[in-house]
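Novice: below is the structure, and that's it, no one-letter string:
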């Protein structure tokens, strides 16, 4: 009974997507359907998934069992066996818990945000499908099924980023996200294929892969680990495949919240943790992952300091926080990295939803300086936004402090002092640019009376619930020096993760340093922006303001060069070589045909003459060869 519930975690939002899709078709073809029906289907189905996940979580916590559900054999040929099966172990249930819960809250928020939109029903159909795809990814028992969910979240992100497809910029942003992710996905597929050939005859379940790792050469395992991480670079927006993430803000704000908090971008971190048994044995790739994470975190934070679009600032902050997560999993601290995924889900969802509330109140204005000039009174949004900013900055006792501090301590303990220093400087920048945004949007004087704007309860209630998580979620993995029991680390013991085991004095010193660094960033932001003249906004200029011209470099190296190559193939290779050869050959065949056709002239004497010539040739041949 309990095992059969696994599939319903996925089926609930999937059926919601199908029902909303069919209802939307009826809505546009027959007669108008009230938004309430789309809302009920769109929010109840994710909540069902959460309740089932919660039930299984409680069962696992009491009885220490693992759930596995086999649906059918998808493929069984020669040495390849692929089962359509779901796995409910500690890792997948941990991820499913906050994916379904935070995803459900974002669905509720979307009711208020999308109210009155012509595509309301279509939006919820896509939204439910997005959540279902992420749950397939998380609950998959083998990398092939994981890849179905992996591609599913990619397709849904494409559909939702270009939701307002009447705007060309939205379509271009969606295309960019889709194409960049295809590069990463190709690496992921190559990694799975390499792993299959390296291991020999296996059924490709995660348990089977782990059990047969000893049969593979170290070189192939390193190659496979690297290629799998290329997939994570794309999906989790790390250098060099990060360029799609800021542009993805073209979609409605609820989808931005879902992508950044509960789905898609966390998939890469989850995938590395799921393949922990592979990465434990190849420390070279682990260190490579950690450095990519550290550089990505720093790079994104630097760019965020000069951005003026409220959603793009949050997008770069996500890229930066994902970098912290990859530092942890790359160094073998899998539970620590996933703990930051968990806390980040609460405060990042809340920040995006708060930003969406501000954008709505200001008639979809996203420039922080223009928002400040026409600021509205939004007390609940302002308060919850401040909580989110404090949490992401790593100030105790908010959740971000405990998860981020653990990552900093992990890097220091492993002797990776360069990574630790980069992460510490990034922490300073994070506090600076997040409070820069907060002070400009909510604090800096704008010299006019702020008019109170009513905010729907479907927006404020999810914000308040997430605020509780942003404040208190960190206590679930409270360090031993504060009397905690490391619940998350204990729950994820299957990952054989490394843990912090330094002396208490060193821990206290490191914590104090991280707090001082974050406080310094806040003070720097306060001095510059708390009384900033918003009528003289900063511009996105210079090297940092133009995001180091990476988009322009990529456009020159890949887009324009591909275009020129395509034009060369079309105009030269295709037209002047291939087409010319085919045309000349066909003309030659036509000429030969015309000459042959001259023989077929319906003249009996002509035919008789050719028959005589032919018979003469035959007789001569017989005379010569047979002596007749």
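Specialist: Nice, thanks for sending it over. Keep in mind it's a predicted model, so treat the numbers as computed, not measured.

Novice: quick one: the helices in the stretch 301-450 of the chain, in order.
Specialist: Per DSSP state H, counting those that start in this stretch, the stretch 301-450 of the chain carries helices over the ranges 310-330, 334-361, 368-373, 379-393, 399-413, 417-438.

Novice: and if you look at the stretch 501-628 of the chain?
Specialist: Listed in chain order, the helices of the stretch 501-628 of the chain (DSSP H, counting those that start in this stretch) span 504-529, 542-545, 550-554, 561-568, 580-599, 604-626.

Novice: list of residues touching the strand ranked longest in the chain?
Specialist: In the chain, taking DSSP state E as the definition, the longest strand is strand 67-77. The contact list for strand 67-77 (Cβ atoms under 8 Å, 6 or more residues apart in numbering) reads 2-7, 56, 60, 81-89, 93, 141, 144. Where C-beta positions appear, they are placed from N, C-alpha and C, glycine not excepted.

Novice: list the contacts of residue 282.
Specialist: So residue 282 contacts 218, 221, 222, 225 (Cβ under 8 Å, 6+ apart).

Novice: what's the pLDDT at it?
Specialist: Predicted confidence (pLDDT) for residue 282: 87.

Novice: I figured residue 440 hits residue 532, correct?
Specialist: Yes. Counting by Cβ atoms under 8 Å, residue 440 touches residue 532, with 6.2 Å between them.

Novice: where does pLDDT dip in the stretch 351-500 of the chain?
Specialist: 449 (pLDDT under 70).

Novice: and the next element down the chain from the longest strand of the chain?
Specialist: strand 80-88 (DSSP states H and E).

Novice: the inter-axis angle of the following helix or strand past that following strand versus strand 67-77?
Specialist: Sequence order places helix 90-113 as the next helix or strand after strand 80-88, per DSSP H and E. Per axes from the mean of the first three to the mean of the last three Cα atoms, to 10 degrees, the angle that helix 90-113 makes with strand 67-77 is 100 degrees.

Novice: picking up where we left off before, can I get the contacts of residue 282 in TSV including pLDDT, neighbour count and distance to residue 238?
Specialist: Formatted as TSV, the contacts of residue 282 follow (pLDDT from 0 to 100; neighbours: other Cβ atoms under 10 Å; distance: Cβ to Cβ, whole Å):
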residue	pLDDT	neighbour count	distance to residue 238
218	90	11	25
221	93	20	21
222	94	18	19
225	95	23	15
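
Novice: in a markdown table, list those along with distance to residue 128 and secondary structure.
Specialist: Conversion of the contacts of residue 282 to a markdown table gives the following (distance: Cβ to Cβ, whole Å; DSSP: H, G, I helix; E, B strand; the rest coil):
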| residue | distance to residue 128 | secondary structure |
| --- | --- | --- |
| 218 | 43 | helix |
| 221 | 38 | helix |
| 222 | 39 | helix |
| 225 | 34 | helix |
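
Novice: hmm, back to that, tell me the mean pLDDT for the longest strand of the chain?
Specialist: Mean predicted confidence for strand 67-77 is 86.

Novice: any buried residues in it, and which?
Specialist: If you call a residue buried by 16 or more other Cβ atoms under 10 Å, then strand 67-77 has these buried ones: 67, 69.

Novice: ditto for stretch 448-462
Specialist: Of all the residues in stretch 448-462, those buried under the rule 16+ other Cβ under 10 Å are 455, 458, 459, 460, 462.

Novice: one step back: neighbour count winner among residue 440 and residue 532?
Specialist: In this view residue 440 and residue 532 are compared by other Cβ atoms under 10 Å, and residue 440 has more residues nearby, 26 against 20.

Novice: before we move on, back to that, out of the helices of the stretch 501-628 of the chain, which comes closest to residue 158?
Specialist: Closest to residue 158 of the helices of the stretch 501-628 of the chain, according to Cβ to Cβ: helix 550-554, at 18.8 Å.

Novice: okay, now the unreliable bits of the stretch 501-628 of the chain?
Specialist: Ranges of the stretch 501-628 of the chain meeting pLDDT under 70: 593-603, 606-607, 627-628.

Novice: pull the most distant pair out of the contacts of residue 282.
Specialist: 218 and 225 (10.3 Å).

Novice: before we move on, the earlier item: got TSV for the helices of the stretch 501-628 of the chain, with distance to residue 182 and mean neighbour count too?
Specialist: As requested, the helices of the stretch 501-628 of the chain are exported to TSV (distance: least, Cβ to Cβ, whole Å; neighbours: other Cβ atoms under 10 Å):
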stretch	distance to residue 182	mean neighbour count
helix 504-529	37	17
helix 542-545	29	12
helix 550-554	14	14
helix 561-568	13	10
helix 580-599	32	10
helix 604-626	63	10
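
Novice: show me what contacts residue 546?
Specialist: Listed by Cβ under 8 Å, 6+ apart, the contact set of residue 546 reads 540, 552.
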